[in-house]
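**Q** Coordinates for the following, if possible.
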Amino acid sequence: MQLKRYQAAIFFSFLVFVALSTGGKAYGQGKEQITAKEAQGVVDLIEDPNKRAALVKTLKNLILAKEAAMGKDEKASAKPNEKKGRKLLIIEQFFYEFETLSTKVVGSAAGTASLVAKTPFAYERVKSFLSKRENRVNLLKLMANILAGIVIAFLLRFFLQKFIPKTAEGPINFIRKLITNAAQVLFTLIPYGALLASLFILFQLFPSFSLGHSLALILFTILFFYHLALKILRALVSPDAAQTRILPINDETANYYWIWGQRFAYYTAIYFVAVQSLNAIQLDPPSLAFIRGILLVVFPFVISVFIMQVARELRARDENSREEEGDKALLKHKYRRVPKSVVRYWAVPAIAYVWAVFLFELTNYEMGFSYLLKATFFTALTLLALILTLDLQEGLFKKFFAVNEKVKKRFPGLEEKTNRYIAIFREALRAILFVLAVGVAAEVWGIPVSEFVASKAGSLIILRAIAIIITIGAVLAVIEISNFLGDYLIEEEKEGKKKKPVTQKKKTLVPIVRTSVNIAAGFIGGIVILDRVGINTTPILAGAGIVGLAVGFGAQTLVKDLINGLFILFEESLRVGDYADLGKNEGVVESVGLRTVKLRDVNGNFHVVPNSSIDTITNMSKDFSRTVIDVGVAYREDVDEVMGILREIGEEMQNDPEYGKSILEPIEIFGLHKFDDSAIIVRSRLTTKPLKQWGIKREFNRRVKKVFDERGIEIPFPHRTVYMGEPKEGAAPSLNVQLEQNNGSPA
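**A** Numbers count the residues shown, from 1 in each chain. Modelled structure (predicted):
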């Protein structure tokens, strides 16, 4: 049987500890022997009647004083159980006990410090102890017994090595996993059991120091249970062999649990070795309690660290799953039907529970243990009842409010419409059940919830809380109805198989009205809630009125913006999507608000125009648009022929499948419009859908150019008649004209 390095260190430290303990105890016994002179004094006291009577009287007085002191202690101990005629809660009793403990800790620490101060003198005690031949023989006998037991365990382990079942390769079933792990645990622990049995027999056959026997048995018994715990943990997680792992976890998680299990087992073994050894040598109880408390405080610290690590990992996994699947997808899985707040904050009550157990153990508070176990048990029952009730509620809602699969396939949005507000009722019922469960759990833990509810203050708080909840529900209902009506009004209506487009007026006004209703509902609901809480809302309303008046006087431009904005909206002078000229800026209207109008021009520039600065609105896309087309031809062309060609092009575009749907009326030919320097202008006009006039005009001009080129109709360039002038003599100066051929040479 191989011992690890830290186990060997524990073993040799234990041998030194045995020597110190046995030597110190023998040394103490030698010092407590009564001398002959002291014995003679006792005999003289018994034989003298006067001295004997004085002694008896003194002893009676001491007995009376002791009884009086004990009566005071009993009264003092009984005081924490009652306070002002009522029985204290278990938590209050615990705090009284803890306060008493704090006073004892100081004395225990002082006693332990004095023991530590005497440690350097132990060398002399050991030296005095080993100077006796009998003690040396007994110490060697003790070590020989321990060594013999270890040798027996090693030989038995070597013999059983070939019988230990080996780990199978490849996947195996669950039953075979259990059998294989149980056999490995059994064959591994047999040598440790043989070591304990052989030590017990050897100590009976070859006695040495009874204290040494007790300490050795304590050490190896704790070592046995230490290895038993590790073997069971290895069977469950199997960090090195996934095929024999009993728990369904991955390799990383298995090694994580294995590392923490080793830490817990190792420190637990050290704790029990130290406490049981000090108890065996009959250390002073206050000092033993102080050392035990120092060793015990490590457990809640380590467990708290472990809980925080597990909580952090769970939060990370929960956030990743929510990002991948979404909150609604999580509710589909039964094992994930846990609120996000529980996943995030469950570590806080868990750590508090661990520290409560530690404090009860530290104070030896038996009533606290029974209270803790009882409260934990009934809290678990309450949680189980809550889970079952929520499952029942979920099943009933699915049964009574479910929509047939055929109907859902036929009408995809019908289930959402029919169950739109059922979800609110279901969540409200879940919240009520949760609050009731919390109240029951609080009663179990000693918190007087029922007394609070029955009291006048509790009833007032509950009624106000209900009023606040109703107010919040009403505000949410108003907002929901407002949003529903807003979506309904701007939703495109169906006319047969086609959808009727929503007017720009609705698109502009509905969001503004919906936002105003939501803000007003929130403000009124907030005022009502503040009033229910007990805050005087009169100064708030008065202050709001004063602020509004001050804003009205100090922000006249803003008021003008709002008034002009209201007129623009109700008169529908501008709509989102129109192309308008507001004097200094023009472009497509992107937003019409109570304060500003936002435009984006053809270059992409974004203009924000205050409503108060708008004097004139030129809307180029109100209901329909028109484009005026002026075509210039040479003076020698036939005007009637040109007008006929323009009419033909207009009819052709109206019949075109791409451009015809944007032309509302046939082309209008106004005739000869004016005479220019080098051309005559023929004017025509097309009526189009809003914002289509520029595209139609560009296409019309393209076709005019093409047809004029084909039919030889001249579109003149700008030109001038050159007049050389005539002098007074009458003869005009000669004009030198040089003609060139196409190749550039003179003609």
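**Q** what about the closest residue to residue 701 other than its chain neighbours, how many residues close to it?
**A** Spatial nearest neighbour of residue 701, chain neighbours left out: residue 629 (7.2 Å); criterion: C-beta to C-beta, 6 or more residues apart in numbering. Where you see a C-beta, it was placed from the backbone N, CA and C, and this is true even at glycine. Around residue 629 there are 21 other residues, counting by other C-beta atoms under 10 Å.
**Q** and residue 629, what helix or strand is that in?
**A** Assigning secondary structure by DSSP states H and E places residue 629 in strand 625-633.
**Q** Pull the residues that contact that strand.
**A** 639, 642, 646, 673, 676, 679-694, 696-697, 700-701, 704, 708, 713-716 (C-beta atoms under 8 Å, 6 or more residues apart in numbering).
**Q** Can you tell me the number of residues neighbouring residue 234?
**A** For residue 234, using other C-beta under 10 Å, the count is 22.
**Q** Residue 187 too?
**A** 15.
**Q** Could you do residue 562 as well?
**A** If we define neighbours as other C-beta under 10 Å, then residue 562 has 15 of them.
**Q** Find the residue closest to it in space, skipping its chain neighbours.
**A** Per C-beta to C-beta, 6+ apart, closest to residue 562 is residue 594, 5.0 Å.
**Q** Go ahead and confirm that neighbour touches residue 568.
**A** No: using C-beta atoms under 8 Å as the test, residue 594 is too far from residue 568 to be in contact (9.1 Å).
**Q** anything in contact with each of the two?
**A** Listed as contacting both residue 594 and residue 568 by C-beta under 8 Å, 6+ apart are residue 611.
**Q** Compare the two and say which is more crowded by neighbours.
**A** residue 568 (20 against 16).
**Q** how about the nearest residue to residue 697, chain neighbours excluded?
**A** residue 627 (4.3 Å).
**Q** quick one: contacts for residue 471?
**A** 525, 528-529, 532.
**Q** thinking again about what came up before, helix, strand or coil for the residue nearest to residue 562?
**A** coil (DSSP: H, G, I helix; E, B strand; the rest coil).
**Q** That one: what's it in contact with?
**A** 512, 561-562, 565-566, 569, 611.
**Q** that older thread, make TSV out of the contacts of residue 471 and add distance to residue 189 and neighbour count.
**A** TSV is the format used below for the contacts of residue 471 (distance: C-beta to C-beta, whole Å; neighbours: other C-beta atoms under 10 Å):
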residue	distance to residue 189	neighbour count
525	69	19
528	71	18
529	66	18
532	67	17
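**Q** Redo these as JSON lines? Include pLDDT and secondary structure.
**A** What follows is the contacts of residue 471, written out as JSON lines (pLDDT from 0 to 100; DSSP: H, G, I helix; E, B strand; the rest coil):
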{"residue": "525", "pLDDT": "85", "secondary structure": "helix"}
{"residue": "528", "pLDDT": "84", "secondary structure": "helix"}
{"residue": "529", "pLDDT": "84", "secondary structure": "helix"}
{"residue": "532", "pLDDT": "79", "secondary structure": "helix"}
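**Q** related to what we said a few turns ago, if you count contacts, what does the helix or strand following the strand holding residue 629 end up packed against?
**A** Proceeding N to C from strand 625-633, the next assigned helix or strand is helix 639-655, under DSSP H and E. Counting contacts by 3 or more C-beta pairs under 8 Å, 6 or more residues apart in numbering; DSSP states H and E, helix 639-655 packs against strand 625-633, strand 668-675, strand 680-688, helix 693-711.
**Q** quick one: the last one to strand 625-633, angle?
**A** Orientation of helix 693-711 against strand 625-633 (axes from the mean of the first three to the mean of the last three C-alpha atoms, to 10 degrees) gives an angle of 20 degrees.
**Q** Now do the buried residues in helix 693-711.
**A** Under the neighbour-count criterion of 16 or more other C-beta atoms under 10 Å, helix 693-711 has 693, 696-697, 699-700, 703-704, 708 buried.
**Q** which outside residues touch that helix?
**A** Against helix 693-711 from outside (C-beta under 8 Å, 6+ apart): 620, 625-627, 629, 631, 633, 645-646, 648-650, 652-653, 659, 662-663, 686, 688, 713-715.
**Q** Quick check, pLDDT for the residue nearest to residue 562.
**A** If you check residue 594, the pLDDT there is 74.
**Q** Same question for residue 259.
**A** Looking at residue 259, its pLDDT stands at 90.
**Q** What's the first helix or strand after the helix or strand hosting it?
**A** According to DSSP H and E, residue 259 maps onto helix 251-280. Using DSSP H and E, the helix or strand that follows helix 251-280 towards the C-terminus is helix 285-296.
**Q** and the angle for that following helix with helix 251-280?
**A** 170 degrees.
**Q** Can I get helix 285-296 as PDB, trimmed to CA atoms?
**A** Provided in PDB are the C-alpha atoms of helix 285-296 (Å, rounded to 0.1, in the frame of the first residue of the first chain):
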ATOM      1  CA  PRO A 285     -12.000  22.400  26.700                       C
ATOM      2  CA  PRO A 286     -11.900  26.100  26.100                       C
ATOM      3  CA  SER A 287      -8.600  25.800  24.200                       C
ATOM      4  CA  LEU A 288     -10.000  22.800  22.300                       C
ATOM      5  CA  ALA A 289     -13.100  24.800  21.300                       C
ATOM      6  CA  PHE A 290     -11.000  27.700  20.200                       C
ATOM      7  CA  ILE A 291      -8.700  25.500  18.000                       C
ATOM      8  CA  ARG A 292     -11.700  23.600  16.600                       C
ATOM      9  CA  GLY A 293     -13.400  26.900  15.700                       C
ATOM     10  CA  ILE A 294     -10.300  28.100  13.800                       C
ATOM     11  CA  LEU A 295     -10.100  24.900  11.900                       C
ATOM     12  CA  LEU A 296     -13.800  24.800  11.300                       C
END
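**Q** Going by neighbour count, which residues in the helix or strand residue 229 falls within are buried?
**A** Following DSSP H and E, one finds residue 229 within helix 210-237. Within helix 210-237, the residues scored as buried using 16+ other C-beta under 10 Å are 211-224, 226-237.
**Q** Ok, stretch 135-142 next?
**A** For stretch 135-142, burial by neighbour count (16+ other C-beta under 10 Å) applies to 135, 138-139, 141-142.
**Q** what's the answer for stretch 446-456, then?
**A** Residues residue 449 are the ones in stretch 446-456 that count as buried (16+ other C-beta under 10 Å).
**Q** Going along the chain, name the strands of the stretch 101-250 of the chain.
**A** Using DSSP state E, counting those that start in this stretch, no strands are found in the stretch 101-250 of the chain.
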